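# Structure for this input, please:
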Amino acid sequence: MKRLTLPLSDSDIKNLKAGETVLLSGTMLTGRDAAHKRLYELVEKGEKLPIDIKGELIYYVGPAPAKPGFAVGPAGPTSSYRMDKYAPTLLDLGLKGMIGKGARNQDVIDAIVRNGCVYFACVGGAAALIAKSIKKEEILCYEDLGTEAIRRYTVEDFPCIVAIDSYGNNAYTEGQKDYCRE
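Predicted coordinates for the structure are as follows:
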């Protein structure tokens with residue numbers, strides 16, 4: 001298991017291989033469909049984004065309300081395909097990676113390779129466990145979106161798996177080959 005500090009360097013990303021387990025510590029952004037749509041629409045209009053995404057990692061999550069003593073409530077990953085329309089544009093603008101669950105389309109994979117980025121997956125159903133690694137949250141913009149607002153999380157040993165590495169190797173397709181009969 002690798003331990004990495006956010007933000008990730010280009011060399012950190014190049015050394016990741018699909019299927020590896022990773023613990024991330026540092027800060028990351030959060031956002032889901034509605035926030036991605038707003039960011040995408042601003043780019044389409046040639047307008048400035050309300051946050052700087054260059055070099056950032058974004059976690060596709062809409063956390064539940066926090067219980068006393070916790071930064072957030074259960075915070076499991078959202079299905080990533082819902083951001084596939086927007087992800088290539090954001091990666092081309094400097095986003096370094098994404099965290100979610102599930103496979104990505106070919107346009108996203110191509111953008112990952114083109115930009116030397118990474119896609120991490122988290123285990124769906126482990127929202128309460130994942131929340132324990134989130135030590136602080138701060139709303140950055142789109143507060144009107146509620147749980148879908150863009151936030152900054154400070155995390156410690158945030159567990160994930162390299163799903164698609166910067167070379168386009170894909171744990172979702174490669175992993176299946178290990179269990180298929182010839």
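# Only C-alpha atoms from now on, for both contacts and neighbour counts.
Fine.
# does Arg82 really touch Ala34, like I thought?
No - at 9.8 Å, Arg82 does not count as touching Ala34 under the criterion of CA atoms under 8 Å.
# what distance separates the lengthiest strand in the chain from the middle of the whole chain?
In the chain, with assignment by DSSP state E, the single longest strand is strand 150-164. Taking CA atoms, centre = their mean, to the nearest Å, one finds strand 150-164 lying 7 Å from the centre of the chain it belongs to.
# What ranges does this structure have for its strands?
Counting by DSSP E, the strands of the chain are 2-5, 21-30, 57-59, 97-100, 118-121, 134-141, 150-164.
# Let me have the ones you listed in a markdown table, adding distance to Pro77 and mean pLDDT as columns.
Output for these, formatted as a markdown table (distance: least, CA to CA, whole Å; pLDDT from 0 to 100):
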| stretch | distance to Pro77 | mean pLDDT |
| --- | --- | --- |
| strand 2-5 | 19 | 98 |
| strand 21-30 | 10 | 98 |
| strand 57-59 | 7 | 98 |
| strand 97-100 | 5 | 98 |
| strand 118-121 | 8 | 98 |
| strand 134-141 | 13 | 96 |
| strand 150-164 | 10 | 97 |
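# which one of these has the most crowded surroundings?
Highest mean neighbour count among these (mean count of other CA atoms under 10 Å): strand 118-121, with a mean of 28.
# mind saving the C-alpha coords of that strand as CSV?
Output of strand 118-121 as CSV, limited to C-alpha atoms (Å, rounded to 0.1, in the frame of the first residue of the first chain):
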residue,chain,number,x,y,z
VAL,A,118,-5.2,9.5,-12.4
TYR,A,119,-8.6,8.1,-11.5
PHE,A,120,-9.0,6.5,-8.0
ALA,A,121,-12.0,4.4,-6.9
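# Mind giving me the packing neighbours of that strand?
Under the contact criterion of 3 or more CA pairs under 8 Å, 6 or more residues apart in numbering; DSSP states H and E, strand 118-121 touches strand 97-100, strand 150-164.
# So for Val123, which of the ones you listed sits nearest?
Proximity to Val123 (CA to CA) singles out strand 150-164 among the helices and strands packed on strand 118-121, at 7.5 Å.
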